[in-house]
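Enquirer: Structure here, sequence nowhere to be found:
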DNA sequence: ACAAATGATACCAATATGATATCATTACAT
DNA sequence: ATGTAATGATATCATATTGGTATCATTTGT
(Lines give C-alpha, C1' and ligand atoms only; values in the text may rest on other atoms or scores of the structure.)
Protein backbone atom coordinates (compact mmCIF):
# COMPACT_ATOMS: atom_id res chain seq x y z
CA UNK A 1 0.00 0.00 0.00
CA UNK A 2 1.80 3.05 -1.21
CA UNK A 3 -0.18 6.26 -1.24
CA UNK A 4 2.50 8.46 -2.74
CA UNK A 5 5.38 7.63 -5.03
CA UNK A 6 8.87 9.00 -4.96
CA UNK A 7 8.15 11.53 -7.70
CA UNK A 8 5.32 12.97 -5.66
CA UNK A 9 7.45 13.00 -2.56
CA UNK A 10 10.27 14.80 -4.33
CA UNK A 11 7.81 17.21 -5.92
CA UNK A 12 6.50 18.13 -2.48
CA UNK A 13 10.01 18.79 -1.27
CA UNK A 14 10.72 20.95 -4.28
CA UNK A 15 7.53 22.93 -3.77
CA UNK A 16 8.28 23.35 -0.09
CA UNK A 17 11.78 24.50 -0.84
CA UNK A 18 10.63 27.04 -3.39
CA UNK A 19 8.03 28.32 -0.94
CA UNK A 20 10.83 29.58 1.24
CA UNK A 21 12.51 31.47 -1.56
CA UNK A 22 11.48 34.55 -3.45
CA UNK A 23 14.02 34.44 -6.25
CA UNK A 24 14.16 32.18 -9.23
CA UNK A 25 15.95 29.01 -8.31
CA UNK A 26 17.98 26.83 -10.63
CA UNK A 27 18.00 23.07 -10.56
CA UNK A 28 21.63 22.96 -9.44
CA UNK A 29 20.76 24.82 -6.27
CA UNK A 30 17.82 22.56 -5.50
CA UNK A 31 19.98 19.51 -6.01
CA UNK A 32 22.45 20.90 -3.51
CA UNK A 33 19.76 21.40 -0.89
CA UNK A 34 17.44 18.49 -1.50
CA UNK A 35 19.83 15.65 -2.34
CA UNK A 36 17.76 14.45 -5.27
CA UNK A 37 19.61 13.11 -8.35
CA UNK A 38 20.05 15.98 -10.81
CA UNK A 39 18.48 14.41 -13.88
CA UNK A 40 15.53 13.19 -11.86
CA UNK A 41 14.95 16.50 -10.14
CA UNK A 42 15.08 18.21 -13.50
CA UNK A 43 12.42 15.96 -14.93
CA UNK A 44 10.20 16.48 -11.92
CA UNK A 45 10.60 20.25 -12.05
CA UNK A 46 9.76 20.17 -15.75
CA UNK A 47 6.62 18.20 -15.12
CA UNK A 48 5.58 20.59 -12.37
CA UNK A 49 6.25 23.40 -14.80
CA UNK A 50 4.16 21.87 -17.56
CA UNK A 51 1.40 21.31 -15.03
CA UNK A 52 1.46 25.01 -14.24
CA UNK A 53 2.66 24.70 -10.65
CA UNK A 54 6.03 26.21 -11.39
CA UNK A 55 6.92 29.04 -13.69
CA UNK A 56 10.16 28.56 -15.55
CA UNK A 57 12.61 30.91 -17.15
CA UNK A 58 15.07 29.51 -19.62
CA UNK A 59 18.58 30.61 -20.36
CA UNK A 60 21.24 32.34 -18.30
CA UNK A 61 20.09 32.97 -14.75
CA UNK A 62 16.97 31.02 -15.49
CA UNK A 63 15.21 28.76 -13.04
CA UNK A 64 11.91 28.00 -11.39
CA UNK A 65 9.49 29.87 -9.17
CA UNK A 66 6.23 28.85 -7.54
CA UNK A 67 3.21 29.79 -9.63
CA UNK A 68 0.80 29.90 -6.72
CA UNK A 69 0.71 30.44 -2.98
CA UNK A 70 1.69 27.37 -0.95
CA UNK A 71 -1.75 27.46 0.65
CA UNK A 72 -3.34 27.01 -2.75
CA UNK A 73 -1.33 24.01 -3.88
CA UNK A 74 -3.17 20.86 -2.95
CA UNK A 75 -1.36 17.60 -2.39
CA UNK A 76 -4.01 15.95 -4.54
CA UNK A 77 -3.04 17.99 -7.58
CA UNK A 78 0.64 17.30 -7.06
CA UNK A 79 0.06 13.59 -6.67
CA UNK A 80 -2.14 13.42 -9.75
CA UNK A 81 0.65 14.80 -11.93
CA UNK A 82 2.83 11.83 -11.11
CA UNK A 83 0.41 9.10 -10.18
CA UNK A 84 -2.48 9.72 -12.50
CA UNK A 85 -6.05 10.37 -11.56
CA UNK A 86 -7.28 9.59 -8.08
CA UNK A 87 -10.77 9.45 -9.51
CA UNK A 88 -12.96 6.88 -7.86
CA UNK A 89 -14.35 5.66 -11.15
CA UNK A 90 -11.53 3.43 -12.16
CA UNK A 91 -12.16 0.53 -9.88
CA UNK A 92 -11.17 -3.00 -10.68
CA UNK A 93 -14.49 -3.86 -12.21
CA UNK A 94 -14.71 -1.01 -14.64
CA UNK A 95 -15.46 -2.99 -17.70
CA UNK A 96 -17.99 -5.52 -16.61
CA UNK A 97 -21.43 -5.41 -15.27
CA UNK A 98 -21.45 -6.07 -11.58
CA UNK A 99 -21.14 -9.85 -11.37
CA UNK A 100 -22.98 -10.26 -8.08
CA UNK A 101 -24.24 -8.29 -5.14
CA UNK A 102 -21.57 -9.46 -2.77
CA UNK A 103 -18.67 -8.03 -4.68
CA UNK A 104 -20.73 -4.91 -5.30
CA UNK A 105 -20.83 -4.41 -1.57
CA UNK A 106 -17.06 -4.84 -1.34
CA UNK A 107 -16.68 -2.32 -4.08
CA UNK A 108 -18.77 0.22 -2.23
CA UNK A 109 -16.59 -0.24 0.83
CA UNK A 110 -13.43 0.21 -1.20
CA UNK A 111 -14.85 3.28 -2.88
CA UNK A 112 -15.73 4.74 0.51
CA UNK A 113 -12.18 4.27 1.67
CA UNK A 114 -10.80 5.77 -1.50
CA UNK A 115 -13.09 8.71 -1.05
CA UNK A 116 -11.63 9.28 2.40
CA UNK A 117 -8.11 9.25 1.01
CA UNK A 118 -9.18 11.61 -1.74
CA UNK A 119 -10.66 14.04 0.78
CA UNK A 120 -7.48 14.05 2.82
CA UNK A 121 -5.29 14.61 -0.20
CA UNK A 122 -7.58 17.41 -1.29
CA UNK A 123 -7.53 19.27 1.98
CA UNK A 124 -3.79 18.99 2.59
CA UNK A 125 -1.78 21.77 0.97
CA UNK A 126 1.87 22.67 0.67
CA UNK A 127 1.06 25.47 3.08
CA UNK A 128 -0.11 22.95 5.64
CA UNK A 129 3.04 20.96 5.23
CA UNK A 130 5.20 24.03 5.71
CA UNK A 131 3.26 25.08 8.79
CA UNK A 132 3.19 21.60 10.26
CA UNK A 133 6.91 21.25 9.93
CA UNK A 134 8.17 24.66 10.90
CA UNK A 135 6.69 24.87 14.37
CA UNK A 136 8.29 21.67 15.53
CA UNK A 137 5.23 19.58 15.01
CA UNK A 138 3.15 21.45 17.57
CA UNK A 139 0.60 22.46 14.95
CA UNK A 140 0.31 18.86 13.93
CA UNK A 141 -3.43 18.67 14.44
CA UNK A 142 -4.29 21.98 12.94
CA UNK A 143 -4.15 21.06 9.33
CA UNK A 144 -7.86 20.53 8.84
CA UNK A 145 -9.00 24.04 9.68
CA UNK A 146 -10.06 24.64 6.09
CA UNK A 147 -12.39 21.66 5.86
CA UNK B 1 -4.59 4.49 -6.26
CA UNK B 2 -5.55 0.87 -6.11
CA UNK B 3 -6.40 -0.49 -2.70
CA UNK B 4 -6.97 -4.09 -3.73
CA UNK B 5 -5.51 -6.07 -6.59
CA UNK B 6 -7.24 -8.59 -8.77
CA UNK B 7 -5.88 -11.53 -6.78
CA UNK B 8 -7.39 -10.13 -3.62
CA UNK B 9 -10.66 -9.46 -5.37
CA UNK B 10 -10.83 -12.98 -6.75
CA UNK B 11 -9.85 -14.40 -3.37
CA UNK B 12 -12.76 -12.59 -1.77
CA UNK B 13 -15.15 -14.01 -4.33
CA UNK B 14 -13.79 -17.48 -3.74
CA UNK B 15 -14.16 -17.12 0.01
CA UNK B 16 -17.68 -15.78 -0.37
CA UNK B 17 -18.64 -18.61 -2.67
CA UNK B 18 -17.27 -21.24 -0.31
CA UNK B 19 -19.13 -19.61 2.56
CA UNK B 20 -22.36 -20.62 0.93
CA UNK B 21 -21.37 -24.25 0.56
CA UNK B 22 -20.84 -26.96 3.11
CA UNK B 23 -19.18 -29.57 0.91
CA UNK B 24 -15.71 -29.66 -0.46
CA UNK B 25 -15.59 -27.76 -3.70
CA UNK B 26 -13.26 -28.40 -6.60
CA UNK B 27 -11.62 -25.72 -8.67
CA UNK B 28 -13.60 -26.73 -11.76
CA UNK B 29 -16.85 -25.91 -10.02
CA UNK B 30 -15.61 -22.55 -8.79
CA UNK B 31 -14.44 -21.70 -12.26
CA UNK B 32 -17.91 -22.46 -13.57
CA UNK B 33 -19.53 -20.15 -11.04
CA UNK B 34 -17.01 -17.36 -10.68
CA UNK B 35 -15.75 -16.92 -14.25
CA UNK B 36 -12.12 -16.72 -13.19
CA UNK B 37 -9.50 -18.30 -15.50
CA UNK B 38 -8.84 -21.84 -14.28
CA UNK B 39 -5.08 -21.66 -13.85
CA UNK B 40 -5.36 -18.35 -12.06
CA UNK B 41 -8.11 -19.49 -9.74
CA UNK B 42 -6.09 -22.56 -8.91
CA UNK B 43 -3.07 -20.51 -7.96
CA UNK B 44 -5.18 -18.25 -5.78
CA UNK B 45 -6.90 -21.15 -4.05
CA UNK B 46 -3.52 -22.71 -3.40
CA UNK B 47 -2.22 -19.53 -1.86
CA UNK B 48 -5.29 -19.26 0.34
CA UNK B 49 -4.72 -22.84 1.33
CA UNK B 50 -1.09 -22.31 2.21
CA UNK B 51 -2.14 -19.28 4.24
CA UNK B 52 -4.51 -21.47 6.21
CA UNK B 53 -7.73 -19.87 5.05
CA UNK B 54 -8.80 -22.88 3.06
CA UNK B 55 -8.40 -26.53 3.86
CA UNK B 56 -7.58 -28.66 0.89
CA UNK B 57 -8.00 -32.33 0.12
CA UNK B 58 -6.00 -33.82 -2.70
CA UNK B 59 -6.90 -36.64 -5.00
CA UNK B 60 -10.19 -37.98 -6.28
CA UNK B 61 -13.14 -35.99 -4.97
CA UNK B 62 -10.72 -33.53 -3.47
CA UNK B 63 -11.29 -29.79 -3.23
CA UNK B 64 -11.35 -26.85 -0.87
CA UNK B 65 -13.35 -25.85 2.17
CA UNK B 66 -13.28 -22.75 4.34
CA UNK B 67 -11.05 -23.15 7.37
CA UNK B 68 -12.84 -20.53 9.45
CA UNK B 69 -16.19 -18.83 9.84
CA UNK B 70 -16.81 -16.02 7.35
CA UNK B 71 -17.16 -13.62 10.27
CA UNK B 72 -13.63 -14.44 11.33
CA UNK B 73 -11.92 -13.87 8.01
CA UNK B 74 -10.72 -10.31 7.82
CA UNK B 75 -10.25 -8.53 4.53
CA UNK B 76 -6.89 -7.35 5.82
CA UNK B 77 -5.58 -10.87 6.13
CA UNK B 78 -6.80 -11.80 2.68
CA UNK B 79 -5.25 -8.72 1.12
CA UNK B 80 -1.94 -9.25 2.86
CA UNK B 81 -1.56 -12.68 1.30
CA UNK B 82 -1.56 -11.16 -2.15
CA UNK B 83 -0.37 -7.63 -1.62
CA UNK B 84 2.16 -8.00 1.14
CA UNK B 85 2.14 -6.32 4.49
CA UNK B 86 -0.07 -3.32 5.09
CA UNK B 87 2.24 -2.41 7.95
CA UNK B 88 2.74 1.29 8.35
CA UNK B 89 6.46 0.95 8.80
CA UNK B 90 7.45 0.67 5.21
CA UNK B 91 7.07 4.24 4.14
CA UNK B 92 9.04 5.81 1.35
CA UNK B 93 11.75 7.05 3.64
CA UNK B 94 12.50 3.80 5.36
CA UNK B 95 16.20 3.83 4.87
CA UNK B 96 17.22 7.35 5.64
CA UNK B 97 17.11 9.53 8.61
CA UNK B 98 14.35 12.05 8.33
CA UNK B 99 15.80 14.70 6.02
CA UNK B 100 13.78 17.60 7.36
CA UNK B 101 10.79 18.43 9.46
CA UNK B 102 8.54 19.35 6.58
CA UNK B 103 8.59 15.99 4.94
CA UNK B 104 8.29 14.39 8.37
CA UNK B 105 4.98 16.17 8.70
CA UNK B 106 3.87 14.87 5.31
CA UNK B 107 4.87 11.42 6.36
CA UNK B 108 2.79 11.65 9.51
CA UNK B 109 -0.22 12.64 7.44
CA UNK B 110 0.32 9.79 5.04
CA UNK B 111 0.74 7.37 7.90
CA UNK B 112 -2.50 8.62 9.45
CA UNK B 113 -4.34 7.96 6.22
CA UNK B 114 -2.77 4.54 5.89
CA UNK B 115 -3.83 3.79 9.43
CA UNK B 116 -7.40 4.61 8.51
CA UNK B 117 -7.28 2.25 5.56
CA UNK B 118 -5.73 -0.40 7.76
CA UNK B 119 -8.51 -0.05 10.32
CA UNK B 120 -11.18 -0.41 7.67
CA UNK B 121 -9.55 -3.45 6.16
CA UNK B 122 -9.22 -4.95 9.61
CA UNK B 123 -12.84 -4.49 10.60
CA UNK B 124 -14.34 -5.68 7.31
CA UNK B 125 -14.84 -9.45 7.16
CA UNK B 126 -16.08 -11.92 4.61
CA UNK B 127 -19.14 -12.20 6.84
CA UNK B 128 -19.81 -8.49 6.41
CA UNK B 129 -19.48 -8.78 2.68
CA UNK B 130 -21.94 -11.66 2.58
CA UNK B 131 -24.40 -9.81 4.78
CA UNK B 132 -24.03 -6.54 2.93
CA UNK B 133 -24.74 -8.19 -0.36
CA UNK B 134 -27.45 -10.64 0.53
CA UNK B 135 -30.07 -8.24 1.82
CA UNK B 136 -30.16 -6.20 -1.34
CA UNK B 137 -27.88 -3.50 -0.08
CA UNK B 138 -30.29 -2.38 2.62
CA UNK B 139 -27.83 -3.24 5.36
CA UNK B 140 -25.22 -1.20 3.55
CA UNK B 141 -24.44 1.04 6.50
CA UNK B 142 -24.44 -1.62 9.14
CA UNK B 143 -21.08 -3.06 8.50
CA UNK B 144 -19.24 -1.27 11.26
CA UNK B 145 -21.25 -2.67 14.15
CA UNK B 146 -18.28 -4.64 15.39
CA UNK B 147 -15.97 -1.66 15.73
C1' DA C 1 -3.51 -48.73 -12.85
C1' DC C 2 -6.22 -44.82 -14.13
C1' DA C 3 -8.29 -40.62 -13.47
C1' DA C 4 -9.32 -36.68 -10.77
C1' DA C 5 -7.82 -33.66 -7.90
C1' DT C 6 -4.31 -30.33 -5.48
C1' DG C 7 0.97 -28.80 -4.63
C1' DA C 8 4.84 -26.52 -6.22
C1' DT C 9 7.00 -23.84 -9.53
C1' DA C 10 8.62 -21.75 -13.57
C1' DC C 11 7.51 -18.79 -16.90
C1' DC C 12 5.63 -14.79 -19.64
C1' DA C 13 3.68 -10.21 -21.15
C1' DA C 14 2.38 -5.75 -19.91
C1' DT C 15 2.73 -1.91 -17.00
C1' DA C 16 4.61 1.07 -13.37
C1' DT C 17 8.46 2.89 -11.02
C1' DG C 18 12.86 5.03 -10.32
C1' DA C 19 16.36 6.92 -12.75
C1' DT C 20 19.70 8.41 -16.51
C1' DA C 21 21.14 10.51 -20.89
C1' DT C 22 20.89 13.35 -24.92
C1' DC C 23 19.84 16.87 -27.97
C1' DA C 24 17.23 21.17 -28.78
C1' DT C 25 16.17 25.76 -27.40
C1' DT C 26 16.49 30.04 -24.98
C1' DA C 27 18.87 34.07 -23.20
C1' DC C 28 22.37 36.67 -20.80
C1' DA C 29 27.22 38.41 -20.87
C1' DT C 30 31.12 39.56 -23.19
C1' DA D 1 28.45 36.64 -32.77
C1' DT D 2 29.61 33.41 -29.58
C1' DG D 3 30.05 30.84 -25.41
C1' DT D 4 27.76 29.28 -21.56
C1' DA D 5 24.19 28.55 -18.30
C1' DA D 6 19.93 27.35 -18.00
C1' DT D 7 15.26 24.78 -19.18
C1' DG D 8 12.28 21.79 -22.83
C1' DA D 9 11.44 17.56 -24.83
C1' DT D 10 12.25 12.84 -25.16
C1' DA D 11 14.38 8.40 -25.47
C1' DT D 12 16.20 4.91 -22.94
C1' DC D 13 16.94 1.59 -19.19
C1' DA D 14 16.66 -1.53 -15.06
C1' DT D 15 13.75 -3.37 -11.81
C1' DA D 16 9.47 -4.64 -9.57
C1' DT D 17 4.64 -5.58 -9.73
C1' DT D 18 0.61 -7.33 -11.81
C1' DG D 19 -2.17 -10.47 -14.32
C1' DG D 20 -2.04 -14.71 -16.20
C1' DT D 21 -0.37 -19.42 -18.23
C1' DA D 22 1.85 -23.94 -18.24
C1' DT D 23 4.01 -27.99 -16.43
C1' DC D 24 5.28 -31.61 -13.63
C1' DA D 25 4.83 -33.89 -9.13
C1' DT D 26 1.92 -35.91 -5.70
C1' DT D 27 -2.10 -37.74 -3.62
C1' DT D 28 -6.24 -40.64 -3.54
C1' DG D 29 -10.72 -42.95 -4.70
C1' DT D 30 -12.40 -46.46 -7.80
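Expert: Ah, there it is. Just so it is clear, the structure is predicted and the values come from calculations on it, not from any experiment.

Enquirer: Could you list every helix and strand that the helix ranked longest in chain A packs against?
Expert: Ordering each helix of chain A by length in residues (DSSP state H) puts helix A:101-123 first. On a contact count with 3 or more Cβ pairs under 8 Å, 6 or more residues apart in numbering or on different chains; DSSP states H and E, helix A:101-123 meets helix A:75-83, helix B:6-19, helix B:101-123, helix B:126-134. In short, each C-beta sits where N, CA and C put it, glycine included.

Enquirer: what helices or strands is the lowest-mean-pLDDT helix or strand in chain A leaning on?
Expert: In chain A, the helix or strand scored least confidently by mean pLDDT, DSSP states H and E is helix A:126-134, which has a mean of 84. Counting by 3+ Cβ pairs under 8 Å, 6+ apart, the packing neighbours recorded for helix A:126-134 are helix A:6-19, helix A:75-83, helix B:101-123.

Enquirer: Switch the ones you listed over to a markdown table, and while doing so, append mean neighbour count and mean pLDDT to every line.
Expert: A markdown table is the format used below for the helices and strands packed on helix A:126-134 (neighbours: other Cβ atoms under 10 Å in any protein chain shown; pLDDT from 0 to 100):
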| stretch | mean neighbour count | mean pLDDT |
| --- | --- | --- |
| helix A:6-19 | 22 | 95 |
| helix A:75-83 | 19 | 97 |
| helix B:101-123 | 18 | 87 |
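
Enquirer: Let me have the helices and strands packed on helix A:101-123 in JSON lines, adding distance to residue A:17 as columns.
Expert: Formatted as JSON lines, those follow (distance: least, Cβ to Cβ, whole Å):
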{"stretch": "helix A:75-83", "distance to residue A:17": "14"}
{"stretch": "helix B:6-19", "distance to residue A:17": "38"}
{"stretch": "helix B:101-123", "distance to residue A:17": "9"}
{"stretch": "helix B:126-134", "distance to residue A:17": "45"}
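
Enquirer: Would you reformat those as CSV and include distance to DNA strand D?
Expert: As requested, these are exported to CSV (distance: least, Cβ to the nearest atom of the strand, whole Å):
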stretch, distance to DNA strand D
helix A:75-83, 13
helix B:6-19, 4
helix B:101-123, 14
helix B:126-134, 19
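
Enquirer: quick one, which of those helices is nearest to residue B:40?
Expert: Minimum separation from residue B:40 across these (Cβ to Cβ) falls at helix B:6-19, 7.2 Å.

Enquirer: ok now the longest helix of chain A, how far from the chain's centre?
Expert: On the basis of Cα atoms, centre = their mean, to the nearest Å, helix A:101-123 sits 20 Å off its chain's mean C-alpha point.

Enquirer: what about that helix, near DNA strand C?
Expert: No. Contact of helix A:101-123 with DNA strand C is not found when judged by Cβ under 7 Å from any atom of the strand; the minimum separation is 14.5 Å.

Enquirer: Flag every buried residue along the least confident helix or strand of chain A.
Expert: A:126, A:127, A:128, A:129, A:130, A:131, A:132, A:133 (16 or more other Cβ atoms under 10 Å in any protein chain shown).

Enquirer: just so I know, which of the helices and strands packed on helix A:126-134 lies nearest residue A:67?
Expert: Nearest of the helices and strands packed on helix A:126-134 (Cβ to Cβ): helix A:6-19, 9.7 Å.

Enquirer: Which residues does the closest one contact?
Expert: Applying Cβ atoms under 8 Å, 6 or more residues apart in numbering or on different chains, the contact partners of helix A:6-19 are A:25, A:30, A:33-34, A:36, A:40-41, A:44-45, A:47-48, A:53-54, A:64-66, A:70, A:73, A:75, A:78-79, A:81-83, A:126-127, A:129-130, A:133, B:92-93, B:99, B:102-103, B:106.

Enquirer: repeat that for 6 Å
Expert: A:34, A:36, A:44, A:48, A:66, A:70, A:78-79, A:82, A:126, A:130, B:92, B:102-103, B:106 (Cβ atoms under 6 Å, 6 or more residues apart in numbering or on different chains).

Enquirer: ok, is that helix in contact with DNA strand C or not?
Expert: Yes. Contact of helix A:6-19 with DNA strand C (Cβ under 7 Å from any atom of the strand) involves A:6, A:7.
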